[in-house]
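[1] coords please:
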Amino acid sequence: MSQTAAVPPPGPVAAPLPAGGGGASFAVILSLSFCHLLNDMMQSLVPALYPILKANYGLDFGQVGLITLAFQCTASLLQPLVGAYTDRHPLPYSLPVGMASTLAGLLVLSQASSYPVILGAAALIGVGSSVFHPESSRVARLASGGRYGLAQSLFQVGGNVGSAVGPLLAAFIVAPRGQGSIAWFSGAALLAMLVLVRVGGWYRGRRPARARRAGREAGAAPLSRGRVLFAIGVLVVLLFSKNVYTASLSSYYTFYLIHRFGVSVQAAQVLLFVFLASLVAGALAGGAVGDRVGRLPVIWFSILGVLPFTLALPYAGLPLTVVLSVVIGVIMSSAFSAILVYAQDLLPGKVGLVAGLFFGFSFGLGGLGAAALGELADRIGIDAVYSLCSFLPLLGVLTALLPRIERGREPG
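    Predicted coordinates for the structure are as follows:
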């Protein structure tokens, strides 16, 4: 098998992964993307279950937001620590171990009979994310052959597909069969563990020195420590604008549709799937375009460029709301891989730390945003929350403060 040939995401009986080389190892990247699909599909069951849990346990919006916060905080707080540790001490087989935590969280959630147990199950699923994302991002970069944006986009697309499929499965499997049917998805965790064992074997065959050299290959313009920290701070603010707005859609979109347009729970879940599916196209395009034109133009477009559509959304009817949410999803989702690769270029050789920080910030900011928006929705109403959130992309003007560090198109 040629290392540069794209192949379908392998299952546990697929052909051996390539041993590595100068080119991109797409079998490895697509294996990670496939596992990202399974991982985020399982994780997306948590917000997809919110209407069911809210009805079954008499929760208010604030308590719903705290479920998201419990999940996001374990992922956020642990991811940078995992990334920093594995920059120094690679752990090739940590990926299946992290997936085992997700498996445990699913099983606990399927049998949870009280609100505290639901919070604990969500936290376990978050621990799985804290291990999976930084290490998978590192391996994807190592296998990229220099096409860093494309590799991160392919990896991210798997997660976006999984996030989109989760609500659909919740609508047609979990909603009619009840909370206990969540346990059925433990098979997906077991499958991901098998694939990740094989990916770990490929990663183990790479010498640590070579992995560190791959992290330095992106290079960066010489910047002072202060300028680097300032640029990282700007990127965090941009992630805040992106992720808090995304949290308003992914966590409360179903409630918004039900309240404003009177659609059924199943119809709302299907429309949530449509929005989440739009994130796939944007994520894939953002990395590929970033490799060609640079990260900063993509960041400009994906944050500030979405503003006219977010401002229009609170005033649209149902058909236009669906169209606008798709446009918003495509544009906004193109930001993450560009931001991540740009940050990795700012801090060469610290791939795991950067991935942990930015995946962690994504989860954490989304969780804090979901909790805050839930409390706000209890006080001023879900419609008013959507109107306020529509102004968040204005923070995209801060992209002007980011230094130009790129050297042009990445090697392919």
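[2] by contact count, what packs against the helix of greatest length in the chain?
    Ranked by residue count and defined by DSSP state H, the top helix of the chain is helix 225-261. Under the contact definition 3 or more C-beta pairs under 8 Å, 6 or more residues apart in numbering; DSSP states H and E, helix 225-261 sits against helix 50-57, helix 61-88, helix 265-293, helix 295-303, helix 318-333, helix 335-346, helix 351-380, helix 382-389. (Glycine included, C-beta is placed from N, CA and C.)
[3] Rounded mean pLDDT for that helix, please.
    Across helix 225-261, pLDDT averages out at 85.
[4] So for it, what gets flagged as buried?
    228, 231-232, 234-235, 237-258, 260 (16 or more other C-beta atoms under 10 Å).
[5] about what we covered before: rank the helices and strands packed on helix 225-261 by mean pLDDT and give me the bottom one.
    Taking the mean pLDDT of the helices and strands packed on helix 225-261, helix 351-380 comes last: a mean of 77.
[6] Report pLDDT for the nearest residue to Ile67 once chain neighbours are set aside.
    Leaving aside its sequence neighbours, Ile67 sits nearest to Ala122 (C-beta to C-beta, 6 or more residues apart in numbering; 5.3 Å). With respect to pLDDT, Ala122 has a value of 89.
[7] Ala122 touches Ala75, doesn't it?
    No: using C-beta atoms under 8 Å, Ala122 makes no contact with Ala75, being 10.1 Å away.
[8] TSV for the helices and strands packed on helix 225-261, including mean neighbour count and distance to Arg138?
    Listed next are those as TSV, based on neighbours: other C-beta atoms under 10 Å; distance: least, C-beta to C-beta, whole Å:
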stretch	mean neighbour count	distance to Arg138
helix 50-57	16	32
helix 61-88	22	7
helix 265-293	22	16
helix 295-303	23	19
helix 318-333	20	22
helix 335-346	27	10
helix 351-380	24	5
helix 382-389	18	33
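[9] Quick check: Leu394 vs Ser251, distance?
    Relative to Ser251, Leu394 is positioned 21 Å away (C-beta to C-beta, to the nearest Å).
[10] Dihedrals phi and psi, Gly205?
    Main-chain dihedrals, Gly205, degrees, to the nearest 10: phi -70, psi -10.
[11] Quick check: it vs Val197, distance?
    13 Å.
[12] Looking at these two, which has the bigger crowd around it?
    Set side by side, Gly205 and Val197 show more neighbours around Val197, with 15 against 12, by other C-beta atoms under 10 Å.
[13] so who does that one touch?
    By C-beta atoms under 8 Å, 6 or more residues apart in numbering, the contact set of Val197 is 93, 96.
[14] host element of it?
    Following DSSP states H and E, one finds Val197 within helix 186-204.
[15] Which positions in that helix come out as buried?
    Neighbour counts using 16+ other C-beta under 10 Å place 186, 188-189, 191-193, 195-196, 198-200, 202-203 of helix 186-204 among the buried residues.
[16] Pipe those residues into TSV and attach pLDDT per row.
    Output for these, formatted as TSV (pLDDT from 0 to 100):
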residue	pLDDT
Ser186	87
Ala188	91
Ala189	91
Leu191	95
Ala192	94
Met193	94
Val195	94
Leu196	94
Arg198	91
Val199	92
Gly200	89
Trp202	89
Tyr203	87
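[17] Relative to Val326, which of those is nearest.
    Val326 lies nearest to Ala188 out of those, by C-beta to C-beta, at 26.3 Å.
[18] What sits closest to that closest one if chain neighbours are left out?
    Nearest one to Ala188, counting by C-beta to C-beta, 6+ apart, is Leu38 at 4.6 Å.
[19] Wait, that neighbour touches Leu190, no?
    No: at 9.7 Å, Leu38 does not count as touching Leu190 under the criterion of C-beta under 8 Å.
[20] ok, so what distance separates Pro96 from Ser114?
    Distance from Pro96 to Ser114, by C-beta to C-beta: 30 Å.
[21] ok, now Ser248?
    28 Å.
[22] again with Leu318
    36 Å.
[23] re earlier: adding distance to Ile118, write the helices and strands packed on helix 225-261 out as CSV.
    Conversion of those to CSV gives the following (distance: least, C-beta to C-beta, whole Å):
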stretch, distance to Ile118
helix 50-57, 7
helix 61-88, 6
helix 265-293, 19
helix 295-303, 33
helix 318-333, 28
helix 335-346, 28
helix 351-380, 15
helix 382-389, 22
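[24] right, so of the ones you listed, which gets closest to Gln43?
    Of all those, helix 61-88 comes closest under C-beta to C-beta, at 7.4 Å.
[25] Give me the pLDDT for Leu190.
    Looking at Leu190, its pLDDT reads 93.
[26] Val165 - nearest residue in space that isn't next to it in sequence?
    Leaving out its chain neighbours, the residue that sits closest to Val165 by C-beta to C-beta, 6+ apart is Met41, at 5.1 Å.
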